[in-house]
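Enquirer: Give me a 3D structure for the following:
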Amino acid sequence: MNLKKITTIICIIWTLIVSIWVIHNEYILTVGRKVLLKTIPVDPKDLLMGDYVILNYDISQLPDSYHFSNFSLNEDVYVILKTNKDNIASIERIQTNIKPNEPLYLKGKISKCNTTIPFFKTGTCINYGIESYYVKEHSGKDLEEKLRNGALAEISIDKQGNAKIKEIINKKQ
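Expert: Have a look, this model is predicted:
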């Protein structure tokens, strides 16, 4: 094979990899079940990091009924969710395996909390992979204001418990 053929093959492979990643993310946003999560305010000085914000949710805190001793650091967990009449999700229970008939759950990983967040009482949290939200340039201040006023994150969850943030919306009055 000559260099031109090798370069073409490499370009095709990378194009396929990037395309599959984009299609997978769009699939979750398009067909996943939509729910709302309550965000937890963070000090605005620490909120913006370039063109994304760091989000925390009330479902990120390990509930008092669970103890860190029940789980290991970096252990995969499945958080079974329940929704209220406004479609706002909360934790129903946490388990280390999932039954095929569970209607709504998020896949997460046990981690240490960012201890600078005053709302979190313990050092144990659940990371869902939706803690960063990218924003348009120069729109961070508006989002900061929404978060201070208790904004909700609309997320889309696929059947395997993977989630993507669809948008940040103002809290329903």
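
Enquirer: Could you give the number of residues near residue 2?
Expert: For residue 2, the neighbour count with other CB atoms under 10 Å is 7. Backbone N, C-alpha and C define where each C-beta goes, glycine included.

Enquirer: Repeat that for the one 3 residues further on.
Expert: The number of residues packed around residue 5, counting by other CB under 10 Å, is 9.

Enquirer: For the chain, name the helix or strand with the lowest mean pLDDT.
Expert: Ranking every helix and strand in the chain by mean pLDDT, DSSP states H and E puts helix 44-47 at the bottom, with a mean of 46.

Enquirer: Domain parsing of this protein, as residue ranges.
Expert: Here the domain parsing of the chain from automatic domain parsing is 1-31, 34-169.

Enquirer: Out of these, which is the most enclosed?
Expert: Mean neighbour count (mean count of other CB atoms under 10 Å) peaks for domain 34-169 among the domains of the chain, with a mean of 15.

Enquirer: Need the contact partners of stretch 80-89.
Expert: 34-38, 59, 90-95, 102, 104-106, 152, 172 (CB atoms under 8 Å, 6 or more residues apart in numbering).

Enquirer: What mean pLDDT does that stretch get?
Expert: Averaged across stretch 80-89, the pLDDT comes to 93.

Enquirer: what do you get for stretch 156-172?
Expert: 87.
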